[in-house]
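Peer 1: Build me a model:
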Amino acid sequence: MKLYALLNIILCFSGTLCAQTINDASTIELGSKNLSLDQPFLISVVLRDAETRPAVIFPEINGLEKRSKSATSAISTVDGKKVVIQTITQEYYATKPGNYLIPEFVITVNTLKLKSEETMVVFSKSTGPGEALSAVVSPPFETEVEDTGDGIFLSVQTDKKAIYIREGFALRISLYIAENAPVQMEFYRFNEQLQSILKQLRPGNCWEENVGIEEIVKRKVTIRGRRYTEYNMYQARLFPITTEDIVFPSIALQMLVIDNSKAVNVERKVIKSFRSNKATISVRQLPDHPLRDQVAVGQYGLKENLSSELVYPGESVRYMFKVEGVGNIAAIPAPTIQTSSTFDIYPPEVSQIIKRSYQSVIGEKTFDYFVVPRKDGEFPLGRYFQWVYFNSAKAKYDTLRSAKMLSVKGEDYKLANLSLSGSSGLYDNLESLDSSKESIDYKKILKDTTNGIVILLLIAMVWVFRK
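Peer 2: Sure, this is the predicted structure:
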């Protein structure tokens, strides 16, 4: 009897644990499996309800080269609850056409182990001009380097030398070793050195967006006709928030170099320092404008949606104003709303999706408004919803305006206080609602109940063993 009771307790205990963790699912997602050489194979880790982005190390795949990594965060509100989804993606490129076996692998995220089954990816030969991307490539921008003569140098690179305030630029720290360099070396106390280097380099007047590098990523590059292996140690995009010029001082990286010059077949390791050049970024103020200190800087466009283009006075309508493009998405301000007695415009629900990579920070920020018209007539929403920004590509201010037209037909709401459809507006009779009643959180109730069951099962298990 004890054995049967114990088995039942274990089964119930396992069931309650599964019920608790099923909603915390994190997954591995694979990209397209039929690609051309200029296209990357993608492996993504999707984390739900993750406020912070954890460290993720992706597997090495035989025949494929790791390139860029990106991190996308999506923040929205569902039923009044904040929902966050983090997606971390690693790109893999092939150097030649063929079938590549992706073996079964496991990625550890915090204490959670995510498993992906074995699969096959096919890379075909490119027919377009993009084929060269998969071959040995040059750095994404001109590198100011000072080769020491033995084909090894440390570089702090930026993709721009002059920018506007709040405009983004890339920062990259890499060690380059020529393929024919007559020396062998290995990294020495790398994590300690990297933290010290970043402390020296990170400017205090910049907003930083980075993917995070948990491992040194190496790739083949060609610089001035010579082939190198690049060991990329850090990369980020920075957005200056003041007009003070940004100075990156010269930094040093110590490496263990194998020295066998003293005796034949005798190796000894010596510490050798490699130093980067100093780099400076000039930061310019924006041209004069009443909103100069408030506007976003970048390249943006507008997408909008109106739930209904014909309503009655007092009837609510939902209007979506979505700003998307390249820039510091997280810092995008809300549109400027022109106040009017014609409309009641209520504060928006805000959601955003940001994709961070070394090449750029792109994404979208959505403002969802409830609008209640009070008069009949034809109303172009461009009069009421405007968003001014500075276009860094054109070096001038621009304005995103709504192109929607809202038609309101019926008796004025302030006179009739009732829409002709007979239905109340969204905020009608608000004062009659009982705000003292709390909403029921069924998920919390279920979680508390399962926790209680687990405790009871543990007590029952102890009681069975004591008997």
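Peer 1: Distance of Q285 relative to F390?
Peer 2: As judged by Cβ to Cβ, to the nearest Å, Q285 and F390 stand 11 Å apart. In short, each C-beta sits where N, CA and C put it, glycine included.
Peer 1: who has more neighbours, these two?
Peer 2: Each of Q285 and F390 has its neighbours counted (other Cβ atoms under 10 Å); F390 has more, 25 against 11.
Peer 1: helix/strand/coil for the residue nearest to the more buried one when sequence neighbours are not counted?
Peer 2: Spatial nearest neighbour of F390, excluding adjacent residues (Cβ to Cβ, 6 or more residues apart in numbering): V297 at 4.7 Å. Assigned with DSSP: H, G, I helix; E, B strand; the rest coil, V297 falls in the strand class.
Peer 1: if I pick V297, what's in contact with it?
Peer 2: V297 makes contact with Y164, I165, R166, E167, L286, G327, N328, Y389, F390, S392, according to Cβ atoms under 8 Å, 6 or more residues apart in numbering.
Peer 1: What separation do you get for it and I102?
Peer 2: Counting by Cβ to Cβ - V297 and I102 are separated by 41 Å.
Peer 1: those helices in the stretch 1-150 of the chain, which residues are they?
Peer 2: Per DSSP state H, counting those that start in this stretch, the stretch 1-150 of the chain carries helices over the ranges 2-21.
Peer 1: coming back round to it: touching both of Q285 and F390, which residues are there?
Peer 2: Jointly contacting Q285 and F390 under the rule Cβ under 8 Å, 6+ apart are Y164.
Peer 1: What is the neighbour count of L37?
Peer 2: For L37, the neighbour count with other Cβ under 10 Å is 21.
Peer 1: Ok, the one 4 residues further on next?
Peer 2: In terms of burial, F41 registers 22 neighbours under the definition other Cβ under 10 Å.
Peer 1: Identify the residues contacting the residue lying closest to it once chain neighbours are set aside.
Peer 2: In space, F41 comes closest to Y92 once its chain neighbours are excluded; the distance is 4.5 Å by Cβ to Cβ, 6+ apart. Y92 sits next to P40, F41, L42, I43, I61, L64, E65, K66, R67 when contact means Cβ under 8 Å, 6+ apart.
Peer 1: again, but for V283
Peer 2: With contact set as Cβ under 8 Å, 6+ apart, V283 has these partners: A162, I163, Y164, I165, P240, T242, T243, E244, D245, I246.
Peer 1: From V84, how far off is the second one?
Peer 2: So that's I163. For I163, the distance to V84 - Cβ to Cβ - is 30 Å.
Peer 1: These two: who's more crowded?
Peer 2: I163 (21 against 15).
Peer 1: For that one, grab phi and psi.
Peer 2: When read as degrees, to the nearest 10, the backbone of I163 gives phi -140, psi 170.
Peer 1: And the protein, what are its domain boundaries?
Peer 2: 136-285, 296-427 (automatic domain parsing).
Peer 1: just so I know, which of these lies nearest V106?
Peer 2: domain 136-285 (15.6 Å; Cβ to Cβ).
Peer 1: can you give me how far that closest one is from the chain middle?
Peer 2: From the chain centre to the centre of domain 136-285 is a distance of 23 Å (Cα atoms, centre = their mean, to the nearest Å).
Peer 1: what do you get for stretch 381-397?
Peer 2: Centroid displacement of stretch 381-397 relative to its chain, using Cα atoms, centre = their mean, is 25 Å.
Peer 1: Could you count how many residues lie near P249?
Peer 2: Neighbours of P249 (other Cβ under 10 Å): 12.
Peer 1: Give me the pLDDT for the most centrally placed residue in the chain.
Peer 2: What sits nearest the mean C-alpha location of the chain, by Cα atoms, centre = their mean, is T72, with 2.8 Å. On pLDDT, T72 comes in at 90.
Peer 1: mind checking how far it is from F239?
Peer 2: Taking Cβ to Cβ as the criterion, T72 is separated from F239 by 18 Å.
Peer 1: ok, back up a step: any idea which of the contacts of Y92 is closest to E364?
Peer 2: Out of the contacts of Y92, the member with the shortest distance to E364 (by Cβ to Cβ) is L42, at 20.3 Å.
Peer 1: Hmm, G31 and that closest one touching each other?
Peer 2: Yes. Counting by Cβ atoms under 8 Å, G31 is a contact partner of L42 at 3.2 Å.
Peer 1: what residue ranges in the stretch 101-250 of the chain score low on pLDDT?
Peer 2: Within the stretch 101-250 of the chain, the stretches with pLDDT under 70 are 127-149.
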